[in-house]
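Asks: Sequence below, structure please.
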Amino acid sequence: IRDFCLSRGLGDVYKRQELTFEDLAIIHSDIGSSMMEFSDLASKVAKLKSDPTMTREEKRHVIQSLRYKGSRVEDLFLTFTLPGQSDWELIPKGSSVDVTIDNLGLFTDLVARTILKDGIARQFEAFIEGFNQIFPISSLKIFTVSELDLLLCGSPSTLDEDWTKETLLENIKLDHGYSIHSRAVRYLLNILSEFSDLERRQFVRFVTGSPRLPIGGFKSLVPK
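Replies: Down below sits the predicted model:
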């Protein structure tokens, strides 16, 4: 049982689906959310440019009025470089090319292809190749990412488990002279049943080495 959650993007990878800015937002919320807003803005521009009911002047006026969080795209002083890595040019001499409302669509497409496809292709292929040496990754397609996360990492919260005295007692193997009637055992059950989520995780880590319980909870722990 591993103490981390599987990224939703991993599911898209093993299912051979393209990653999106929504996947990026899970990994890097600032860049992901900004790129989603840029993408929406670029879609509005493309829709306006193809609107047959508007004149050229009307289109230009509406397009120039579009804003990103109250500011013009041109006032953001962005260039055709990868966000967060100014030395990574998306096009030849990209550091000298400003991002404008008109080329915003090209900018978002290039960022998406670089971050979510070309930039990680070799790493993902290596991951898939390594995984296949242990288990055919194609066999995992029947599972959702949530289901895989539960299988590999267990329940993310101990609050989902039953920590009542009755359940705890059913899954504790009493030995060395202790019994259900022992005062120490009853004290332990009283304390465990009143633990907070953090205290439960700490206790499970102390006992098993992982703060997460496997599927099936205490009943699935071996040894008890």
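
Asks: In this model residue 107 seems to touch residue 99, though I could be wrong.
Replies: Yes. With contact defined as Cβ atoms under 8 Å, residue 99 counts as touching residue 107 (4.8 Å). C-betas here are computed from N, CA, C, even on glycine.

Asks: Low-confidence ranges, the chain, go.
Replies: 1-17, 152-160, 215, 223-224 (pLDDT under 70).

Asks: In it, spot the strand with the most residues.
Replies: Longest strand of the chain, by residue count under DSSP state E: strand 85-89.

Asks: After the longest helix belonging to the chain, heading C-terminal, what element do we hit next?
Replies: If you go by DSSP state H, the chain has its longest helix at helix 29-49. Using DSSP states H and E, the helix or strand that follows helix 29-49 towards the C-terminus is helix 56-65.

Asks: name the helices or strands packed onto that following helix?
Replies: Packed against helix 56-65 by the contact rule (3 or more Cβ pairs under 8 Å, 6 or more residues apart in numbering; DSSP states H and E) you find helix 29-49.

Asks: What residues sit buried inside the helix it packs on?
Replies: Residues of helix 29-49 classed as buried: 31-32, 34-36, 38-39, 41-42, 44-45, 48 (neighbour count, 16 or more other Cβ atoms under 10 Å).

Asks: now swap in stretch 97-114 and tell me
Replies: Under 16+ other Cβ under 10 Å, the buried positions of stretch 97-114 are 97, 99, 101, 103-108, 110-112, 114.

Asks: How about stretch 82-96?
Replies: Buried residues in stretch 82-96, counted by 16+ other Cβ under 10 Å: 82-83, 89-90, 94.

Asks: Which secondary structure state does the residue of the chain most remote from its centre sit in?
Replies: Here the chain reaches farthest from its C-alpha mean at residue 177, the gap being 48.1 Å by Cα atoms, centre = their mean. Of the three states, residue 177 takes coil under DSSP: H, G, I helix; E, B strand; the rest coil.

Asks: got the contact list for it?
Replies: Taking Cβ atoms under 8 Å, 6 or more residues apart in numbering, we find residue 177 in contact with no residue.

Asks: where's it relative to residue 189, distance?
Replies: According to Cβ to Cβ, to the nearest Å, residue 177 and residue 189 sit 17 Å apart.
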